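Student: based on what follows, work out the 3D shape:
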Amino acid sequence: MSVKFNEYWNIIPDKINNYVEFLQQYRIPTLNRLGINGAELWNDLIGTSPQIVSEGVSEDLECVETALKHEDCIMSKRKLLNLVTDYKSKVLIFFLTIAGKKEYVFQSLDRLFQKYEH
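Tutor: So this is what the prediction gives:
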């Protein structure tokens, strides 16, 4: 079961150069090394949500939990918070498939409503 780790933030304008360098050289490689892969960054063009949406995917919930608790991930987030504002994150698990008929798939229900601090 794939699990998504999404992050949301606004870039501090006068830190844009440090921000880009940090993402390329530290944040994305750290997440990839810890098992949160394919980090893609999206820029919100219309709407009131934060400017940047970062999407990563992992094999399963345990992998994401381990990664988010890892000291390297914690340090990476601390550094990120010096370059951005309005930071939020979400861990998303597969919940429902609709393909002609309704098929409900519940995975890890005991963790569905659990919140992760990292």
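
Student: OK, contacts around residue 76?
Tutor: Contacts for residue 76 (C-beta atoms under 8 Å, 6 or more residues apart in numbering) come out as 26-27, 30-31. (Each C-beta comes from the backbone N, C-alpha and C, glycine too.)

Student: in the one helix or strand it maps to, what counts as buried?
Tutor: Assigning secondary structure by DSSP states H and E places residue 76 in helix 71-80. Buried positions in helix 71-80, judged by neighbour count with 16 or more other C-beta atoms under 10 Å: 73, 76-77, 80.

Student: a markdown table for these, including distance to residue 38?
Tutor: Below are those laid out as a markdown table (distance: C-beta to C-beta, whole Å):
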| residue | distance to residue 38 |
| --- | --- |
| 73 | 16 |
| 76 | 17 |
| 77 | 18 |
| 80 | 18 |
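
Student: show me where this structure has its strands.
Tutor: With strands called from DSSP state E, the chain shows them at 3-11, 37-43, 52-58, 84-93, 96-99, 101-104.

Student: make TSV out of those and add mean neighbour count.
Tutor: Below are those laid out as TSV (neighbours: other C-beta atoms under 10 Å):
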stretch	mean neighbour count
strand 3-11	19
strand 37-43	12
strand 52-58	19
strand 84-93	14
strand 96-99	8
strand 101-104	8
